[in-house]
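Colleague: dropping the sequence and predicted coords here.
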Amino acid sequence: MNQTTSGSMLLAAVVMIGLILFAIAYLKKPKSAQTTSAALQKSKGAKGTFKPKFNSKSGSFNNKLNPQLAKLKKQVMQNFPDFTTLLRQQHLVLERNAKKVALLTLDANAALGRRRLGDVVVINFHQLPSVEELRIELSGL
């Protein structure tokens, strides 16, 4: 006795198997990364807060600060009190009234002088400038 199944019965069986697999995957889905990291840390017996291994902030890969940029920041703070300075790894950000005005860089490989980066002026020096050079460069800002 040879029985054949109709197309609709075959389709219903395939859909049912698909729903069962979907339900299993939904119930067994992995927890969020934060929860699994906390669980992993608890299992290791670590104390304190969890810190991710990857820190995506700019300049986080090499925390060495340029000593010449630190000297430049000190010069600007002493001689130009109307500017607020923020020291970054490769440049010094000058702000006036909470608005970025200029970026000062010390790079012997880049071209000496000014260029624009959007609304901000980028001023590059090859070596630590004197106060007079700074006054000349920052006079137009």
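Modeller: Done, it's in. Residues are numbered from 1 along each chain as shown.
Colleague: any regions of the chain where pLDDT drops low?
Modeller: For the chain, the stretches flagged by pLDDT under 70 are 1-5, 29-63.
Colleague: tell me the domain ranges of it?
Modeller: As given by automatic domain parsing, the domain ranges for the chain are 7-44, 67-138.
Colleague: single out the most deeply packed of those.
Modeller: With neighbours defined as mean count of other CB atoms under 10 Å, the domains of the chain peak in mean count at domain 67-138, which reaches a mean of 14. Using the backbone N, CA and C atoms, a C-beta is placed for each residue, glycine as well.
Colleague: any idea how far that domain is from the middle of the chain?
Modeller: Distance, stretch centre to chain centre, for domain 67-138: 22 Å (CA atoms, centre = their mean, to the nearest Å).
Colleague: residue 121 - that's part of a helix, no?
Modeller: No: judged by DSSP: H, G, I helix; E, B strand; the rest coil, residue 121 forms no part of a helix; its state is strand.
Colleague: list the contacts of it.
Modeller: By CB atoms under 8 Å, 6 or more residues apart in numbering, the contact list for residue 121 reads 101-103, 114-115, 141.
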